[in-house]
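J.: predicted structure and sequence below. I'll ask about it afterward.
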Amino acid sequence: MKTPAILALEDGTLFRGESIGVEGMTTGEVCFNTAMTGYQEICTDPSYSGQLVTLTYPHIGNVGVNPVDAESKRVMLSGLVVRDVPPRMSSWRAAQSLPDYLRENAVVAIAGIDTRKLTRLLREKGAQNGCIMAGGIDEQKALAAAREFPGLKGMDLAQTVTCADTYVWRTPSWKLDHGFEPAPDKAYQGSPYHVVVYDYGVKRDILRRLCDHNCQVTVVPAKLPAADVLALKPDGVLVSNGPGDPEPCDYAIAAIQELVEQGVPLFGICLGHQLLGLASGAKSTKMKFGHHGANHPVLDLDTRKVIISSQNHGFAIDEESLPKNVRATHRSLFDGSLQGIERTDKPAFSFQGHPEASPGPNDVAPLFTRFIEMMAKHRQ
Ligand SMILES: NC(=O)CC[C@H](N)C(=O)O
């Protein structure tokens, strides 16, 4: 017997479906992601903390889940909404079914609803706060819970998902022919750039990409003061992706200001991009429904080339608010919003989308090379 589940939106809309996770109730901001692959990476991306994610691709769970594709230690989104989970999974990499994985991670999730209707509603009205309730259905209670969710604006979630202590990361990207090749000591030879990564909810693929570039990677908690980062003698600092609103993250803004002022090469990704913007004096805004997908066209304003990018953000830096020493480098071809910036007075740049993809195409991966080149130049 299937357990009934509902999704209630703050505007009063109710969707009725069935549970594919644990029984209970969860609230958050409902957003939609249009990626056709990568549901496990999406589920484990810490940037989705506080969000109920609906996937527009109709069949989710076909290839199960595996220990390799996780972007963090556990499922991080606050709830999952899908159209249809096939009764059988099929992949040589599958270790577990998606519903079992969701239950193991205590996630409340719903299947069997009209995700096209939901997506159209979110596009028209903008992101909605919502509640998924599985088992013990009480529609009025679910509606009230959706309306009580305070919304992501003003919420500092980076400090809730960051690591507790500093650690060293040594694993490069997974390869089809030999899986993960933990090449620990290789990373200290050849091109030994030491990169300190501020973990605001970092995706593992960012760390893996740095290892692919032969960097020595130290990951530090979100609130570590800039002075402690400088004491680690980094060649460069990467400020990571992460959930919630960048504006209340004053500790991160202050640290980035200091590091940039000191001339440390700095690369920001997604939340890190927004934080570099704020640290440079720009303003952030909440978008209507954001960008969440794996095929978003972005214009590189220098080369005039179009890159297809992986995206996941609900806030953005307002291009109009950029101070004189910050240059726009990329713009979204979907809505013209700002996608990349560069400081003209310091070695610091950032990108709003995801150069590490996971899931998504590799068009933006050269930004990692740009970061390496920036560190090389700075060292000379
Ligand atoms: N992926 C991210 O880093 C997301 C950044 C931020 N939480 C936003 O929604 O815009």
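T.: That came through fine.
J.: pretty sure R170 is touching V217, no?
T.: Yes. With contact defined as Cβ atoms under 8 Å, R170 counts as touching V217 (7.3 Å). The way it works is simple: take the backbone N, C-alpha and C, and place the C-beta from them, glycine included.
J.: which of the two has more residues huddled nearby?
T.: V217 (23 against 17; other Cβ atoms under 10 Å).
J.: ok, the more buried one to L275 distance?
T.: The gap separating V217 from L275 is 19 Å, by Cβ to Cβ, to the nearest Å.
J.: equivalent analysis for T166, please.
T.: The value you get for T166 to L275, if Cβ to Cβ is used, is 19 Å.
J.: neighbour count winner among these two?
T.: Legend: neighbour count by other Cβ under 10 Å for T166 and L275, higher for L275 (28 against 15).
J.: the helix or strand that contains that one near the ligand at all?
T.: Here L275 sits within helix 271-279, counting by DSSP states H and E. Yes. Applying Cβ under 6 Å from any ligand atom, one finds helix 271-279 touching the ligand at L271.
J.: how far off centre is that helix?
T.: 14 Å (Cα atoms, centre = their mean, to the nearest Å).
J.: can you list the strands that the helix or strand following that helix pairs with?
T.: Using DSSP H and E, the helix or strand that follows helix 271-279 in sequence is strand 284-300. Strand 284-300 sits in its sheet next to strand 306-317 (antiparallel), strand 326-332 (antiparallel), going by DSSP bridges.
J.: how far does strand 284-300 sit from the chain's center?
T.: Between the centre of strand 284-300 and the centre of its host chain there is 12 Å, according to Cα atoms, centre = their mean.
J.: next, the angle helix 271-279 makes with that strand.
T.: Relative orientation of strand 284-300 versus helix 271-279 (axes from the mean of the first three to the mean of the last three Cα atoms, to 10 degrees): 110 degrees.
J.: need the per-residue pLDDT for G179.
T.: The predicted structure scores G179 at 77 on the pLDDT scale.
J.: need the contact list for it.
T.: Contacts for G179 (Cβ atoms under 8 Å, 6 or more residues apart in numbering) come out as V68.
J.: which residues pair with it across the strands?
T.: In beta-bridge terms (that is, DSSP bridges), G179 pairs with K175.
J.: swap in G79?
T.: L52.
J.: for it, give its distance to V217.
T.: With Cβ to Cβ as the criterion, G79 and V217 are 32 Å apart.
J.: do the same with S97
T.: 33 Å.
J.: got a list of what the nearest residue to G314 once chain neighbours are set aside touches?
T.: In this structure, G314 finds its nearest non-sequential neighbour in G290, 3.6 Å apart by Cβ to Cβ, 6 or more residues apart in numbering. Counting by Cβ under 8 Å, 6+ apart, G290 touches 31, 127, 312-315.
J.: D114 now?
T.: 15, 83.
J.: same thing but 10 Å
T.: The contact partners of D114, taken as Cβ atoms under 10 Å, 6 or more residues apart in numbering, are 15, 17, 83, 120-121.
J.: from T13, how far out is it?
T.: In this view, D114 and T13 are 11 Å apart by Cβ to Cβ.
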